[in-house]
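Colleague: need a structure here:
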Amino acid sequence: MKNFYSILVNSLVAAMTNNFVWFAVTFWVFLETRSVIATSIMAGIFTTTVALSGFFLGSLVDRYPKKKVMLFSSVLTLLLFALAAAVFITIPPQEYGDASSLRLWAFIVLVLVGAITGNMRGIALSTLVTIMIPEDTRDRANGMVGTAMGVSFLAASVSSGLAVGFLGMTGMLASALILSAAVILHLWTIPVPDLPPVSQADEHPDGQPAPASTGVDLRGTLRVINQIPGLLALIFFQTFNNFLGGIFMSLMDAYGLMLVSVQVWGTLWGILSLGFILGGLIVARRGLGDNPLRSLLLANLAMWTSCIFFTIQPSIILLTVGLAIWIILVPVVEAAEQTVLQKIVPPERQGRVFGFAQSVEQAASPVTSFLIGPVAQILFIPFMTTGAGVDLLGSWFGTGTDRGLALLFTIAGLIGFIVTVMALRSRSYRLLSTHYQEQEVAAVPAMD
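Modeller: Numbers count the residues shown, from 1 in each chain. Coordinates of the predicted model:
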């Protein structure tokens, strides 16, 4: 456990650094350009790269020692952040507010890809929970991972807003380079275990020979997933949630910055990030119960309910309460999915399955991110400023640019609620729950 805690702390600092850069650049670009379309395109670039990279990153985690994969991820992040800093120095200040500047977008892309390489570490950490933690306490270990990620989000949220407001982008980038280098040096000293090599003769639960452990092998990964009843449905349910979540990812910063200053917004996110820690601690302390899948769906039900109401009025207090509910439940959902996959997927395949799930689940977000900015700018914002929405909803919902974005959030929450209710009543949910329980019973040694 000592080594696991060391890896967890190292991953915390790495995630904090990546989030710090991502948030800071997003805040800065919106403040300089005042363009909702620019921030939605940024979110689209981020989610597209995540979606395209998951298959490959998962295969690297399965193919190579976990420590080498994590070191490679951190070194690549450091190099990309350094290149981004070099490009930023060349951008004239008069181009900061020009959303069509090629140098500005070169800087943005380098920063975002640098942050995305940290996903490789996330996949590796999920497989290390399987390797290092006994089966009956993995849900609690996943809660600890969620707590660590919450701490990283908290630190990044507070520091990014303050860095943009007081230090500027140069100070932010310098801090990111120092932290990235420190992560590499610390990880170098930690012993990281790994799985024994998997031979071609090894068998999967379906009785078929295990495919070679090299390459992406998408066909083999799909075969493993299809052998588990209801697993593909779970992945697509999470995919649909991310499709709706792309709306919030693209527009929430713009909405919040219409209500408060960047310093307040960054500090508020820091306070709200305590919810990630609280949610992770609850899972670490109490676990997820006998059916983590049910916990996942009930948490989603509560999250989408909060989304229906947290922008119903232009109130930073109402927004804060709704976001707090959402954030507290995020570690529950993530820990539940991780626990299910760690239980039912063969360990030698978990990197690829986690990578596959990441790619598929994130594939919908780029579509939303790229489309929702123009949709908001062209349809919803005019609808609530000078269009029919002013007469239909304005008397109680309010009018203006921020109310156009708020209407999108409310509609997304309502759709998410309905889909989650349907999932709870589905045959796929019953099949996967039964399979999980059977696997759990089979893992308990018989008593004389």
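
Colleague: who are the packing partners of the biggest helix by length in the chain?
Modeller: When the chain is parsed with DSSP state H, its longest helix is helix 2-33. In terms of contacts (3 or more C-beta pairs under 8 Å, 6 or more residues apart in numbering; DSSP states H and E), helix 2-33 is packed against helix 36-63, helix 66-90, helix 102-116, helix 119-132, helix 138-162, helix 168-188, helix 231-259, helix 262-272. In this view, the C-beta of every residue, glycine as well, is placed from N, C-alpha and C.

Colleague: a markdown table for those helices, including mean pLDDT and mean neighbour count?
Modeller: Shown next, in a markdown table, are the helices and strands packed on helix 2-33 (pLDDT from 0 to 100; neighbours: other C-beta atoms under 10 Å):
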| stretch | mean pLDDT | mean neighbour count |
| --- | --- | --- |
| helix 36-63 | 75 | 22 |
| helix 66-90 | 93 | 19 |
| helix 102-116 | 89 | 21 |
| helix 119-132 | 85 | 23 |
| helix 138-162 | 80 | 23 |
| helix 168-188 | 92 | 18 |
| helix 231-259 | 83 | 21 |
| helix 262-272 | 80 | 19 |
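
Colleague: among these, which comes closest to residue 351?
Modeller: helix 36-63 (3.3 Å; C-beta to C-beta).

Colleague: tell me what angle that closest one forms with helix 66-90.
Modeller: For helix 36-63 against helix 66-90, the angle by axes from the mean of the first three to the mean of the last three C-alpha atoms, to 10 degrees is 150 degrees.

Colleague: what packs against helix 36-63?
Modeller: Other helices and strands packing on helix 36-63, by 3+ C-beta pairs under 8 Å, 6+ apart, are helix 2-33, helix 66-90, helix 102-116, helix 119-132, helix 231-259, helix 350-375.

Colleague: so how far is the longest one off the chain centroid?
Modeller: Put plainly, it is helix 2-33. In terms of C-alpha atoms, centre = their mean, to the nearest Å, the centre of helix 2-33 is set 12 Å apart from its chain centre.

Colleague: ok, now the shortest one?
Modeller: Going by C-alpha atoms, centre = their mean, the spacing between the C-alpha centre of helix 119-132 and its chain's C-alpha centre is 15 Å.

Colleague: try stretch 258-272
Modeller: Between the centre of stretch 258-272 and the centre of its chain there are 20 Å (C-alpha atoms, centre = their mean).

Colleague: residues making contact with it?
Modeller: 23, 27, 31, 153-155, 157-162, 164-166, 253, 256-257, 314, 316, 319-320, 323-324, 327, 401-402, 405 (C-beta atoms under 8 Å, 6 or more residues apart in numbering).

Colleague: go with 6 Å
Modeller: 27, 154, 157-158, 160-161, 164-165, 256-257, 316, 323-324, 327, 402 (C-beta atoms under 6 Å, 6 or more residues apart in numbering).

Colleague: quick revisit: quick one: which of the helices and strands packed on helix 2-33 is nearest residue 421?
Modeller: helix 231-259 (12.0 Å).

Colleague: what's the angle between the closest one and helix 36-63?
Modeller: Going by the same axes, to 10 degrees, helix 231-259 makes 140 degrees with helix 36-63.

Colleague: how many other residues sit next to residue 315?
Modeller: Using other C-beta atoms under 10 Å, residue 315 is surrounded by 14 other residues.

Colleague: do the same with the one 3 residues further on
Modeller: Residues contacting residue 318 under the criterion other C-beta under 10 Å number 14.

Colleague: and the gap between the nearest residue to it once chain neighbours are set aside and residue 416?
Modeller: Take residue 318 and drop its neighbours on the chain: the residue closest to it by C-beta to C-beta, 6 or more residues apart in numbering is residue 310, 5.8 Å away. From residue 310 across to residue 416, the span is 13 Å (C-beta to C-beta, to the nearest Å).

Colleague: all good on my end, thank you.
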